[in-house]
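Undergrad: Give me a 3D structure for the following:
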Amino acid sequence: MLLALVAGFALSQAFRTITAIMATGLRAEFGLSAQALGVFAGAFAFAFGTMQLFMGIGIDLYGMRRTLLVAFPLTIAGAVLSALAPGYGAVLLGQVLIGVGCAPAFLVCTVFIARYFPASRFAMVSGVAMGVGGLGMLFTGTPLAWLVQQSSWRMGFGVLAGLAALAWLLIFWKVHEPAQPIDEAAPRESVLQAVRGFGALFLLPHTAGIMLLALMTYASFLTLRGLWLGPLLIERHGYSLVASGNVAMLSSLVSLFSPALFGRLDPGPTRRRRWLLGFTTLLAALFAAMGFLHAEWLDVGGSVAVGLLSGYMVLQYSDVRSAYAPAVTGRAMAVFTMALFLGVALMQWVTGAAASIAAAQGADPYVAVMLTIAAMLALGVTAFACLPGPTARRD
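TA: Below is the predicted model of the structure:
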């Protein structure tokens with residue numbers, strides 16, 4: 001059952017990183033500006049992020065199997081619409097549908113693991129699930145680049161639609177709701193009560209710093225890997241689509257294993273926040289260097305290094321877990337996940353706008369992109385350092 005759920009998560013990982021490979025074909029066919037390309041890439045993340053709370057409520061109230069089976073067909077529909085899209089508006093709508101359909105993909109995996117596995121194995125099994133699900137990003141490296149180069153970006157969406165349909169059928173066939181003890185004395189929470197419970201988290205003083213950092217960290221990795229890596233290597237260094245796909249695949253491969261590494265190195269609640277500050281600052285410096293220096297080795301090696309450093313972001317999950325009481329940890333994780341993906345949408349849109357402005361002024365758009373990412377990371381780490389932290393921690 002877990003592997004069936006991870007298949008859906010893998011498709012979600014694939015869809016969120018397609019733009020780096022699709023970008024050249026989309027720009028050629030629809031005449032897209034860099035800003036329009038940023039909006040296209042951000043549409044998935046915005047739809048995915050805004051639906052996290054509602055999908056979490058759906059899983060709590062109606063079950064993970066029903067929630068996923070109802071939502072995931074929107075992914076298939078969005079991919080088919082994108083493959084057949086007559087214009088930019090249709091392919092943008094397709095991205096929104098895909099984002100909504102994929103929204104519960106990882107949440108159902110974590111709920112399933114929490115219900116079926118003992119607490120002592122939760123981190124290990126979750127890490128394995130994230131690693132296996134990350135295979136979806138490998139597909140959007142060399143394999144998708146070869147497919148698009150041999151046919152078109154439309155064929156890429158068509159193949160992903162077929163794979164998403166197979167994943168839905170596998171989930172329908174294999175996944176059943178875990179048996180849960182029913183407490184007749186406890187009435188089921190209403191949707192309004194659940195929404196109010198989420199809102200209460202924002203009244204806690206330490207939520208702001210945690211969420212502002214969350215807006216920037218994963219967004220920096222996905223903005224590079226999922227949007228700008230292909231155009232950067234193709235236009236700045238003359239790479240072919242397949243060659244840029246090879247670099248994307250290597251960056252993705254490294255990012256599959258680095259969370260487990262950083263998870264094992266977790267220094268604990270007293271030093272974890274210092275690690276988050278230090279690694280985020282290092283990541284900002286790396287993006288700034290890629291912006292100022294036009295070295296091919298740095299753009300390639302830096303992209304792989306960003307994939308490696310992205311593993312430290314798993315410490316943010318531990319930080320959230322230790323910063324909130326057990327009764328609200330699940331909701332805090334949902335709000336945190338929402339912040340991650342709204343940050344992706346925000347950063348992809350902002351970097352698209354920065355690239356368009358730079359191009360209009362005759363400047364290198366990729367300098368603007370990399371420096372914008374560095375600046376947004378700097379803002380996030382400054383907020384995390386200066387705003388109140390949690391007064392008590394648990395681990």
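
Undergrad: residue nearest the centroid of the chain?
TA: residue 341 (5.7 Å; CA atoms, centre = their mean).

Undergrad: pretty sure that one contacts residue 52?
TA: Yes - contact criterion CB atoms under 8 Å: residue 341 and residue 52 qualify, at 7.0 Å. (C-beta placed from N, C-alpha, C; glycine too.)

Undergrad: need the contact list for the closest residue to residue 48 other than its chain neighbours.
TA: Nearest non-adjacent residue to residue 48, counting by CB to CB, 6 or more residues apart in numbering: residue 99, 4.1 Å away. Neighbour list for residue 99: 15, 43, 44, 45, 46, 47, 48, 51, 78 [criterion: CB atoms under 8 Å, 6 or more residues apart in numbering].

Undergrad: which secondary structure element contains residue 99?
TA: Here residue 99 sits within helix 88-102, counting by DSSP states H and E.

Undergrad: which element follows that helix toward the C-terminus?
TA: Following helix 88-102 in sequence, per DSSP H and E, is helix 105-116.

Undergrad: what's next to that following helix, contact-wise?
TA: Here helix 105-116 makes contact (CB under 8 Å, 6+ apart) with 1-2, 5-6, 8-9, 11-12, 52, 55-56, 59, 64-65, 67-68, 72, 122, 125-126, 129-130, 133, 178, 180, 333-334, 337.

Undergrad: Name the residues of it that are buried.
TA: Along helix 105-116, these residues count as buried under the neighbour rule (16 or more other CB atoms under 10 Å): 105, 106, 107, 108, 109, 110, 111, 112, 113.

Undergrad: just stretch 84-95 next, same as before
TA: Under 16+ other CB under 10 Å, the buried positions of stretch 84-95 are 85, 88, 91, 92, 94, 95.

Undergrad: what does stretch 352-368 give?
TA: Here stretch 352-368 shows 352, 353, 354, 355, 356, 358, 359, 365, 366, 367, 368 as buried, counting by 16+ other CB under 10 Å.

Undergrad: quick one: terminal-to-terminal distance for that stretch?
TA: 9 Å (CA to CA, to the nearest Å).

Undergrad: Run the angle between the helix or strand residue 69 falls within and helix 88-102 for me.
TA: For residue 69, the host element (DSSP H and E) is helix 64-71. Using axes from the mean of the first three to the mean of the last three CA atoms, to 10 degrees, the direction of helix 64-71 lies 170 degrees away from that of helix 88-102.

Undergrad: Where is the longest helix in this protein?
TA: Ranked by number of residues, the top helix in the chain under DSSP state H is helix 329-360.

Undergrad: just checking, what packs against that helix?
TA: helix 34-50, helix 52-62, helix 105-116, helix 191-201, helix 207-223, helix 314-323, helix 365-386 (3 or more CB pairs under 8 Å, 6 or more residues apart in numbering; DSSP states H and E).

Undergrad: can you tell which of these is closest to residue 161?
TA: helix 34-50 (14.6 Å; CB to CB).

Undergrad: tell me the angle of that closest one relative to helix 365-386?
TA: Using the same axes, to 10 degrees: helix 34-50 against helix 365-386 is 30 degrees.

Undergrad: Just want the angle from helix 34-50 to helix 105-116.
TA: Going by the same axes, to 10 degrees, helix 34-50 makes 20 degrees with helix 105-116.

Undergrad: returning to what we had before: the helices and strands packed on helix 329-360: which one's closest to residue 345?
TA: Nearest of the helices and strands packed on helix 329-360 (CB to CB): helix 34-50, 3.6 Å.

Undergrad: Who are the packing partners of that closest one?
TA: Counting by 3+ CB pairs under 8 Å, 6+ apart, helix 34-50 packs on helix 19-30, helix 88-102, helix 207-223, helix 329-360.

Undergrad: Tell me which of those is the most buried.
TA: With neighbours taken as mean count of other CB atoms under 10 Å, those reach their highest mean count in helix 207-223, at a mean of 24.

Undergrad: thinking again about what came up before, which neighbouring elements make contact with the helix holding residue 69?
TA: helix 52-62, helix 105-116, helix 153-174.

Undergrad: Format those helices as CSV; extra columns: mean pLDDT and distance to residue 298.
TA: As requested, the helices and strands packed on helix 64-71 are exported to CSV (pLDDT from 0 to 100; distance: least, CB to CB, whole Å):
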stretch, mean pLDDT, distance to residue 298
helix 52-62, 81, 35
helix 105-116, 81, 32
helix 153-174, 95, 28
